[in-house]
Every structure is written in structure tokens, then in C-alpha cells.
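K.L.:
Sequence and predicted structure are below.
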Amino acid sequence: MRIDTLGETCCPATAVVATVDGRLITRADDGTLVERRLTAGGARQLADEVIGTGLFDRDRIVGLDPAPGVAPAPHAISVRTFRVWTGARTVTVSSPVVAQSDEKLYRPSAAWTQLDALAARLLAPESWLPVTAWSVATSRPYVPDGFRVVVSTEQVGGSQPDVSAVDWPFTIPIADLGEPLSASSQIFTPVGPGTKPLRCAALDASDAKAARDAIQRAGAGVADFPDGAFSTGLMWKAGGSGIVLFFQAVLPDQSSCADPY
């Protein structure tokens, strides 16, 4: 299962990923991802906790109903999305995340209340899973096995080096890296409008490090994200523009650019 949150104005973020082999990744308060390990029995107990709510029998979007006599002013609301493997298929359920100061504006539904409580329990499983459910109970930084690299052709400012200055470690040129990313893909790409479609490639961790090292040796600045992602931009005089590369650390339920999220 996985839980993602989408803020009021920007940017989905993964909060929880749990896999049948016992890997459990959660997002810490500082935005970093940490990993623990469940035993087979612990993974089953966590799955039973989720499925046992009865909330994942079908895809659904849980809405908000105003409290009696209240007409909330239109405004953006954060959303939490649960993707749960039921043994036959993945069920997707989304629900709003309402600021505590706004809760009085809405009439809480049973599903909304249950999903909020479930998310809180899954973010702090140590508070209810027994000691015997853990094979590794101590959190450690999540180390990704690979990265998805999204490439966008767009204007790049500042003093970033030209693409030609990068001693690129692969035979495929930077501008041709990967395959066009489907317009329907839900892969998050914090890049500008650029050229559509974007391109996406999957690299293992060692290849991603080799690419980053080459970019930095050329003098390019690299921006790091708390969850292990990083991005950079390069000038591209030959193309009359620039190239932005976003390296997204993949999680255990992801493997390639073909994954749906």
C-alpha cells in the first residue's frame, strides 16, 4: 500500500509505502524518508489493519459536506490518496485533508474520519504493532535502488554550464535520454512547461551517481530535496535553450517510467 499527499497549491509527496515483503517506508517530519522492516506476520497484521477498515472495496473519492448553516468560501484543500493492493487489484481512495482551524466548517463523514485515523496509525505503526511484528524496528534513512530521470527542454538561467561541457558517462546524449513520458502519467515532475512530452529514463543508483558526478564536475549546481531527489539545469546552445533534469528516487513499489505514479 501507499499513501501520497497533495498540498493545497503544489507537489505530491509520498507519506507511507508498505510492501508484502515487509519493507516499510515513512516520511519523517523533516521530509526525509526512513525505512524499517516488518516480519511476515507484521506485514500481514498491517495489511489486515488496512483491509479490515472496509474502506477499500472499490475506488472512490471521499468528498466534503459543509456543516449545517455554513457556506465555506471556495479555497484549495489538500488531498490524501491511498493505493491499496487487495490481493486482486489496486484500489485507489482519495480523501480531503482539512486544516484543524477549518474542521468546524465541514460535517465529518464516517469515511473521512476513518481515513484520517488510518493515515495517522500507518505513519506511526510503532504505536500499535507489537515488538514481534518487527525484524528491524529502528528507522534508518531510505536508500533508493534507482532513480527516474525526467528531462525537460526549457530556458535555464544563471551561469549553468553548457551541455557540451558535461563528460556524460552514457552513449545516449542527455537530450535524448529516456522515452517520451505519457501525457496521462501521474509521475510528479517539478520542472517548467518545457517541451511536451517530457522524456523519462530509469537509472539504477550507481548510474544516477555517475550522472550526478559528471554534471557537478562540469560546474553545474544541483538542488537536493529532503526525500533524496535532486535536480539541475544545463544550458544548451546547440538547441537554443536549456535542459532541466529531475532525478526522482524510486520507492519499492516503483521500478520504471511506466509505473502509474
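P.N.:
Structure received. Numbering: from 1, shown residues only.
K.L.:
how about the helices of the chain, start to end?
P.N.:
40-51, 110-123, 205-217 (DSSP state H).
K.L.:
Just send those back as JSON lines, with mean pLDDT and mean neighbour count too.
P.N.:
The C-beta positions use only the backbone N, C-alpha and C, and glycine is treated the same way. Output for the helices of the chain, formatted as JSON lines (pLDDT from 0 to 100; neighbours: other C-beta atoms under 10 Å):
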{"stretch": "helix 40-51", "mean pLDDT": "95", "mean neighbour count": "17"}
{"stretch": "helix 110-123", "mean pLDDT": "92", "mean neighbour count": "16"}
{"stretch": "helix 205-217", "mean pLDDT": "97", "mean neighbour count": "16"}
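K.L.:
The ones you listed: which one's closest to residue 34?
P.N.:
helix 110-123 (11.1 Å; C-beta to C-beta).
K.L.:
Which strands or helices does the closest one pack on?
P.N.:
strand 12-18, strand 23-27, helix 40-51, strand 78-85, strand 90-97 (3 or more C-beta pairs under 8 Å, 6 or more residues apart in numbering; DSSP states H and E).
K.L.:
Alpha carbons only: can I get stretch 123-134 in PDB?
P.N.:
C-alpha atoms of stretch 123-134 as PDB (Å, rounded to 0.1, in the frame of the first residue of the first chain):
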ATOM      1  CA  LEU A 123       2.600   6.900   9.900                       C
ATOM      2  CA  ALA A 124       3.300   5.800  13.500                       C
ATOM      3  CA  PRO A 125       2.900   1.900  13.300                       C
ATOM      4  CA  GLU A 126       5.300   1.500  16.300                       C
ATOM      5  CA  SER A 127       2.500   2.900  18.500                       C
ATOM      6  CA  TRP A 128       0.300  -0.200  17.900                       C
ATOM      7  CA  LEU A 129       2.200  -3.000  16.200                       C
ATOM      8  CA  PRO A 130       3.800  -5.400  18.800                       C
ATOM      9  CA  VAL A 131       7.500  -5.800  19.100                       C
ATOM     10  CA  THR A 132       7.200  -9.200  17.500                       C
ATOM     11  CA  ALA A 133       6.000  -7.600  14.300                       C
ATOM     12  CA  TRP A 134       9.400  -6.000  13.600                       C
END
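K.L.:
in it, what's buried?
P.N.:
125, 129, 133, 134 (16 or more other C-beta atoms under 10 Å).
K.L.:
Using a markdown table, lay out the helices and strands packed on helix 110-123 together with distance to residue 246.
P.N.:
A markdown table is the format used below for those (distance: least, C-beta to C-beta, whole Å):
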| stretch | distance to residue 246 |
| --- | --- |
| strand 12-18 | 14 |
| strand 23-27 | 19 |
| helix 40-51 | 31 |
| strand 78-85 | 21 |
| strand 90-97 | 24 |
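K.L.:
and residue 145, which of those is closest to it?
P.N.:
Per C-beta to C-beta, nearest to residue 145 of the helices and strands packed on helix 110-123: strand 23-27, 11.0 Å.
K.L.:
strands paired with that closest one, and their directions?
P.N.:
Applying DSSP bridges, strand 23-27 is found paired with strand 12-18 (antiparallel), strand 33-38 (antiparallel).
K.L.:
Skipping its backbone neighbours, what lies nearest residue 142 in space?
P.N.:
Residue nearest to residue 142 in three dimensions, not counting chain neighbours: residue 33, with 3.9 Å by C-beta to C-beta, 6 or more residues apart in numbering.
K.L.:
Could you do residue 250 as well?
P.N.:
In space, residue 250 is closest to residue 146, 5.1 Å off (C-beta to C-beta, 6+ apart).
K.L.:
doesn't residue 209 make contact with that neighbour?
P.N.:
No: in this structure residue 146 lies outside contact range of residue 209 using C-beta atoms under 8 Å: 10.8 Å.
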